[in-house]
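Novice: build the 3D model from these lines:
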Amino acid sequence: MSTATLLDAPVVPVFVGGKFTPHQAEEYQSVFNPSTGELIGRTPLLGAEHVDAAVEAAAKAFESWSRTSYTKRTGIFFRFKELMEREFDALAQLVTRENGKTLDEARGDVRRGVECVEFAAGISHLAKGEFLPQLAEHIDGQTSREPIGVCAGITPFNFPAMVPLWMFPLAIACGNTYVLKPSEKVPLTAIRLAELLREAGLPDGVFNIVQGGREVVDALCTHPKVVALSFVGSTAVARHVYALGCSHGKRVQSAGGAKNVLLVMPDAEPDSTLRAIMGSAFGCAGQRCMAGSVLMGVGEVADALRDRVVGAMDALKIDDTSANPQAEMGPVIDAGSQSRLRDLIGQGEKGGAKLVRDGRKLDRDRGFFVGPTLFDEVEPGMKVFRDELFGPALTMLRPKTLDEAIRIMGTISYGNGASIFTTSGGAARQFIREMPAGMIGVNVGVPAAPALFSFSGWNHSFFGDLHVMGVEGVKFYTRQKMVLSRWDSTYKRTQGW
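Specialist: Now for the predicted structure:
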């Protein structure tokens, strides 16, 4: 653990009206390198007055930005993409430093973000309206999609680059202005993105960053000049943001937690299936809402599947991701998460699940590590099955048939992702049709949508109507205007008007 004190760490600035300003606060959130426990920054937990300053800057900028041509808007995002490509390795290293991802995972985080910027740069086509001449006699009809105003995003710690980039590039390219509240645990990547946006030529006030915790979240949800909110995080907070934002008349898209299934049929191809399971369950140390957290071995495949997964878990290279680029799994985000996961592992064991591999036994002298964990013989009523663990912990069930597996998953309140591994088209088709989840994988471990499609969580994994990214994202950040025009060719101008 670092010997630095909180006062030694630099204060993370806000970005308002094109200026970076470090503010003093009564309270701060420590920003760590999770691999080492080193203190690398302190995020000021600011209040409603700082939200108001950011929103006012965004509202002022909206007046001119909303009238800026699509050509100019998208040109800025083309330049922003070029700058992100130039800084790609440095951005990935920054993600690793403040989040703890392996370098490959951090590159994936940034790459998916770049894809969202590319999508925003091509927004002109999706933002086009419709036109129908002679809708009625001498009447033409047309629609346009118009920007809505000041939008805000509240993002989690697990994807410091990708999740903010799900949101603000699309909103801004559509003609809106933006206030981002990044996770207080990983604010540094967002600050670097703001620097690159400014270098790309984005006008002052179009994009702003405010730092803080719940007080800032609630201020964004209730501010009268914020018209739309995007959120990604836990289900409890997603529900709170949705309810509070909607009660104050805002559009809200609020993505929550998940309990995603990896279902392995007896005819699945063993090697590719094992790679997909390991990447899904233990990639990013299991800290993602698309992590495979429920493993189902159907019928006679269960024993062999468990043994292969255990062997791969034992072979995982777990290390300081900021020092070892060959590390295959890194730490969880902080000491609080480490302690929470250790407690959950103990509760799972006491609850009757068979603890095949115990992540509490991983012994490191620094950093916030929890080893890969596997529970077997899990039953649907157990807490480790029902609750999102959000860490490198996999729970295994043994349904006898595909029908039984689908029935069990139907008891889960979440609905982000589910994957089946099979060579049977019939089994895959049934799974696709009957699984109550918004994103389905067939021989794919993480069926997370790329930028061209929306991130389609269902049930308690999402609150709202229009999801982030894709066509739904464009609709969320715009509103339709309908125009009926009558031009009668026989009309003669009269005098006296």
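
Novice: hey, let's count contacts and neighbours off CA atoms from now on
Specialist: Noted.

Novice: tell me, what residue is most central in this protein?
Specialist: The centroid of the chain falls nearest to V163 when counting by Cα atoms, centre = their mean (4.0 Å).

Novice: helix or strand: which one has that residue?
Specialist: Using DSSP states H and E, V163 sits within helix 162-173.

Novice: and after that helix, which helix or strand comes next?
Specialist: strand 177-181.

Novice: other residues contacting the helix or strand following that following strand?
Specialist: Moving toward the C-terminus from strand 177-181, the next helix or strand (DSSP H and E) is helix 188-200. The set of residues external to helix 188-200 that reach it, using Cα atoms under 8 Å, 6 or more residues apart in numbering, is 12-13, 15, 18, 76-77, 79-80, 83-84, 91, 94-95, 98, 160-161, 164, 182, 204, 207-209.

Novice: among these, name the ones in strands.
Specialist: Mapping the contacts of helix 188-200 onto strands (DSSP state E) picks out F15, F207, N208, I209.

Novice: pairing partners for the third one in the sheet, please.
Specialist: Applying DSSP bridges to N208 yields these beta-bridge partners: V179.

Novice: for it, what are its contacts?
Specialist: V14, F15, V16, G17, G18, A54, A57, A58, Y178, V179, L180, A194.

Novice: SS state for E26?
Specialist: coil (DSSP: H, G, I helix; E, B strand; the rest coil).

Novice: count of neighbours near it?
Specialist: 7 (other Cα atoms under 10 Å).

Novice: wait, what's in contact with it?
Specialist: Taking Cα under 8 Å, 6+ apart as the test, what E26 contacts is P44, L45.

Novice: who's in contact with V150?
Specialist: V150 neighbours (Cα under 8 Å, 6+ apart): V55, A58, A59, F62, N176, T177, Y178, V179, K225, V226, V227, A228.

Novice: for the contacts of N208, which one is nearest G367?
Specialist: V14 (27.6 Å; Cα to Cα).

Novice: which residue ranges make up the domains of the chain?
Specialist: Following automatic domain parsing, the chain resolves into domains at 6-257+457-482, 260-442.

Novice: reformat the ones you listed into CSV and put mean pLDDT next to each item.
Specialist: Conversion of the domains of the chain to CSV gives the following (pLDDT from 0 to 100):
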stretch, mean pLDDT
domain 6-257+457-482, 96
domain 260-442, 96
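
Novice: so can I have JSON lines of these showing distance to D488?
Specialist: Shown next, in JSON lines, are the domains of the chain (distance: least, Cα to Cα, whole Å):
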{"stretch": "domain 6-257+457-482", "distance to D488": "5"}
{"stretch": "domain 260-442", "distance to D488": "49"}
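
Novice: which among these is found nearest to P450?
Specialist: Closest among those, once you apply Cα to Cα, is domain 6-257+457-482, at 7.2 Å.

Novice: how far is the closest one from where the chain is centred?
Specialist: Domain 6-257+457-482 sits 11 Å away from the centroid of its parent chain (Cα atoms, centre = their mean, to the nearest Å).

Novice: element containing the nearest residue to M162 once chain neighbours are set aside?
Specialist: Spatial nearest neighbour of M162, excluding adjacent residues (Cα to Cα, 6 or more residues apart in numbering): G113 at 4.2 Å. Using DSSP H and E, G113 falls within helix 103-121.

Novice: thinking again about what came up before, dump the residue contacts of the closest residue to the residue nearest to the centre of the chain other than its chain neighbours.
Specialist: Nearest non-adjacent residue to V163, counting by Cα to Cα, 6+ apart: T155, 6.5 Å away. Neighbour list for T155: V163, P164, L180, K181, P182, S183, F231, V232, G233 [criterion: Cα under 8 Å, 6+ apart].

Novice: the fourth one against R214, yeah?
Specialist: By that I understand K181. No. At 10.4 Å, K181 does not count as touching R214 under the criterion of Cα atoms under 8 Å.

Novice: so these two - more neighbours on which side?
Specialist: K181 (25 against 12).

Novice: who are the contact partners of the more buried one?
Specialist: Taking Cα under 8 Å, 6+ apart, one finds A152, G153, I154, T155, I209, V210, Q211, G212, V216, V217 in contact with K181.

Novice: show me the helices in the stretch 351-497 of the chain, by range?
Specialist: For the stretch 351-497 of the chain, helices defined by DSSP state H, counting those that start in this stretch occupy the ranges 383-386, 402-409, 425-434, 470-476.

Novice: now those helices in a markdown table, with distance to D363 and mean neighbour count?
Specialist: What follows is the helices of the stretch 351-497 of the chain, written out as a markdown table (distance: least, Cα to Cα, whole Å; neighbours: other Cα atoms under 10 Å):
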| stretch | distance to D363 | mean neighbour count |
| --- | --- | --- |
| helix 383-386 | 23 | 21 |
| helix 402-409 | 34 | 17 |
| helix 425-434 | 40 | 14 |
| helix 470-476 | 43 | 21 |
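
Novice: distance to E137 added to the ones you listed, as TSV?
Specialist: Listed next are the helices of the stretch 351-497 of the chain as TSV, based on distance: least, Cα to Cα, whole Å:
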stretch	distance to E137
helix 383-386	60
helix 402-409	55
helix 425-434	45
helix 470-476	30
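
Novice: now for those helices, which one comes closest to T273?
Specialist: That would be helix 425-434 among these, by Cα to Cα, at 14.4 Å.

Novice: which residues does that closest one contact?
Specialist: Under Cα under 8 Å, 6+ apart, the answer for helix 425-434 is L402, I406, I420, T422, I440, V442.

Novice: what residues sit buried inside stretch 200-208?
Specialist: Across stretch 200-208, burial judged by 16 or more other Cα atoms under 10 Å covers A200, L202, P203, D204, G205, V206, F207, N208.

Novice: cool, and stretch 408-421?
Specialist: Under 16+ other Cα under 10 Å, the buried positions of stretch 408-421 are M409, I412, S413, Y414, G415, N416, G417, A418, S419, I420, F421.
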